[in-house]
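K.L.:
Give me coordinates for this.
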Amino acid sequence: MEYEQGAESQSMYGNPSIRRPSESATHIARADCPHLSDPEWEALQRLATVIGEAAVATMLRTLSPTEQHGVALGFIVTDQRDAAAATTTTASSGTTPRV
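P.N.:
I've put the predicted structure just below:
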């Protein structure tokens, strides 16, 4: 979907805090989430590779900081469990894990 950037849209988006629909709707900067720790932020970046950047951006725009912490922590725990399970499976089978 394309949006024209003519005079009509200039008045609609005159406020710099309102982004055009085509403008980076899926990007959230680290500076926008100072309440998240670095490990939480990194976990959300990894989560974006799983569920998509748009889903994570929507979550960061709509959930409270407490809920954001919970999502990040939940993903960290799941990530650690998956890594531990892969290590256990690899150790017992004697094969090298695929990355």
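K.L.:
check contacts around Ala72.
P.N.:
Leu36, Pro39, Glu40, Trp41, Ala43, Leu44, Leu47 (C-beta atoms under 8 Å, 6 or more residues apart in numbering). (C-beta placed from N, C-alpha, C; glycine too.)
K.L.:
Equivalent analysis for Asp32, please.
P.N.:
Contacts of Asp32 by C-beta under 8 Å, 6+ apart are Leu60.
K.L.:
Could you check how far it is from Pro65?
P.N.:
Distance of Asp32 to Pro65, computed by C-beta to C-beta, to the nearest Å: 11 Å.
K.L.:
how about the helices of the protein, start to end?
P.N.:
Remark: helices assigned in the chain by DSSP state H are 7-12, 38-51, 53-62, 65-93.
K.L.:
Quick check: which of the ones you listed is nearest to Thr26?
P.N.:
Among the helices of the chain, the nearest to Thr26 by C-beta to C-beta is helix 53-62 (4.3 Å).
K.L.:
and the closest one with helix 65-93, angle?
P.N.:
140 degrees (axes from the mean of the first three to the mean of the last three C-alpha atoms, to 10 degrees).
K.L.:
Throw the helices of the chain into CSV and include distance to Ile28 and mean pLDDT, thanks.
P.N.:
Output for the helices of the chain, formatted as CSV (distance: least, C-beta to C-beta, whole Å; pLDDT from 0 to 100):
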stretch, distance to Ile28, mean pLDDT
helix 7-12, 23, 42
helix 38-51, 9, 96
helix 53-62, 5, 96
helix 65-93, 10, 89
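K.L.:
Using TSV, lay out the ones you listed together with distance to His27.
P.N.:
Converted to TSV, the helices of the chain look like this (distance: least, C-beta to C-beta, whole Å):
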stretch	distance to His27
helix 7-12	20
helix 38-51	10
helix 53-62	7
helix 65-93	16
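K.L.:
For Ala57, the count of nearby residues, please.
P.N.:
18 (other C-beta atoms under 10 Å).
K.L.:
next one: the one 3 residues further on
P.N.:
For Leu60, the tally of surrounding residues (other C-beta under 10 Å) stands at 16.
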